[in-house]
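S.K.: fold the following and give me the result.
(4 chains)
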2 protein chains.
Amino acid sequence: MRDASGHDPLTQERLRLWLKLMKSSSLIEDELRRRLRRECGSTLPRFDVMAALAQAPGGMRMGEISKRLRVSNGNITGIVDKLETEGLAARVPVPGDRRANLVTLTDEGRTAFSDHASAHEAWISEILGQLNADDIDGMIRRLDPLISMLETQNKTAD
Amino acid sequence: MRDASGHDPLTQERLRLWLKLMKSSSLIEDELRRRLRRECGSTLPRFDVMAALAQAPGGMRMGEISKRLRVSNGNITGIVDKLETEGLAARVPVPGDRRANLVTLTDEGRTAFSDHASAHEAWISEILGQLNADDIDGMIRRLDPLISMLETQNKTAD
DNA sequence: CATGAACATTTCAAGCTTGAAATAAAAAAT
DNA sequence: ATTTTTTATTTCAAGCTTGAAATGTTCATG
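M.R.: Next comes the predicted model:
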């Protein structure tokens, strides 16, 4: 409330922005989920975990994965359990720390992820195909400061 | 693949855009979830359903709600079940169509939603508070065409 | 009317997600 | 050496979400 009438005139605009951000994001996300399911027999959470692992040649600890993906520890436990059962990932003990595990992709996991990642990349290109370089750049330029603003808030809230 | 080297030079940029869109959206969404839970003892899905109902004085059918929120029918069944159990919403039969129900907010539901909605609005204002009119407008102008592009794709895919 | 197609909703199993409590191990402090 | 505290992970219950199958109802057409 910043004026005499009791309304911040930007409040409604912020709300509108949030709704549109959410809508565009979930339209894309839902489409990716559907395709990942139908065409790869996989899911977005599994893909995200595998993507994180693929970028960490030496493997990642459970806690590193959950921090990177900003999800709970218990969540990662379940997803890695599944990947392990399917032979796509493996937990290897950390010498000198019996609490921790390093999670790595198996060869089979690396192969599968490589497939899924190409498909994923192609889908994004298809879904966002009508955006030209200027559109993309314009949005990224707006999103970057928004993200660092949000991350700063999160850090402060701890 | 649109050039001799086998790479569309925009592919990587589109991927970057998607990751940033997703990240900003989920940072905000997670924060709203946490607050809705802690400060209102509620959840985002419940809030979304109640928000839809609050805008429909005559009530909405199950199918209308699920179409509006772009989630499955079965999902709405479960959420409305809960709202009904808690006395916040009610299913009323549609005269002349025994298959359908009109879902409405009870008085108690309207009161609760009104509370939650004010809190929600204030949180958005707080979370996005550092964005000025120009930032907001600039983003909305980019998001609007993106959304209609995505919606057109969805329609075509049916 | 009869009956097959279309429609509104529910049920269900499987998977994701969270926050909190439990385990277990390592590190720090006394 | 023995607490105490911190750290790494798992377990668990509760809730969300989906897609597919099931139910029951209405509509259209012969």
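S.K.: which elements pack onto the helix or strand harbouring residue A:30?
M.R.: Using DSSP states H and E, the element containing residue A:30 is helix A:11-40. Helix A:11-40 sits against helix A:44-54, helix A:107-127, helix B:11-40, helix B:107-127, helix B:133-157, with contacts defined as 3 or more C-beta pairs under 8 Å, 6 or more residues apart in numbering or on different chains; DSSP states H and E. In this view, the C-beta of every residue, glycine as well, is placed from N, C-alpha and C.
S.K.: DNA strand D contacts on chain A?
M.R.: Counting by C-beta under 7 Å from any atom of the strand, chain A comes close to DNA strand D at A:30, A:33-34, A:37, A:61-64, A:72-74, A:76-78, A:80-81, A:91, A:97, A:99-101.
S.K.: quick one: buried ones out of these?
M.R.: Neighbour-count burial (16 or more other C-beta atoms under 10 Å in any protein chain shown) applied to these gives A:33, A:61, A:62, A:64, A:76, A:80, A:91, A:101.
S.K.: isn't the first one up against residue A:42?
M.R.: Put plainly, it is residue A:33. No. At 9.8 Å, residue A:33 does not count as touching residue A:42 under the criterion of C-beta atoms under 8 Å.
S.K.: could you chop chain A up by domain?
M.R.: For chain A, the domain assignment from automatic domain parsing gives the residue ranges A:40-127, A:129-158.
S.K.: and those, which one averages the lowest pLDDT?
M.R.: Mean pLDDT is lowest for domain A:129-158 out of these, coming in at a mean of 90.
S.K.: okay, buried residues for that domain please.
M.R.: For domain A:129-158, by 16+ other C-beta under 10 Å, it's A:131, A:135-136, A:138-140, A:142-143, A:146-147, A:149-150, A:153.
S.K.: equivalent analysis for stretch A:25-33, please.
M.R.: For stretch A:25-33, burial by neighbour count (16+ other C-beta under 10 Å) applies to A:25, A:26, A:27, A:28, A:29, A:31, A:32, A:33.
S.K.: likewise for stretch A:85-104?
M.R.: A:88, A:89, A:90, A:91, A:101, A:102, A:103, A:104.
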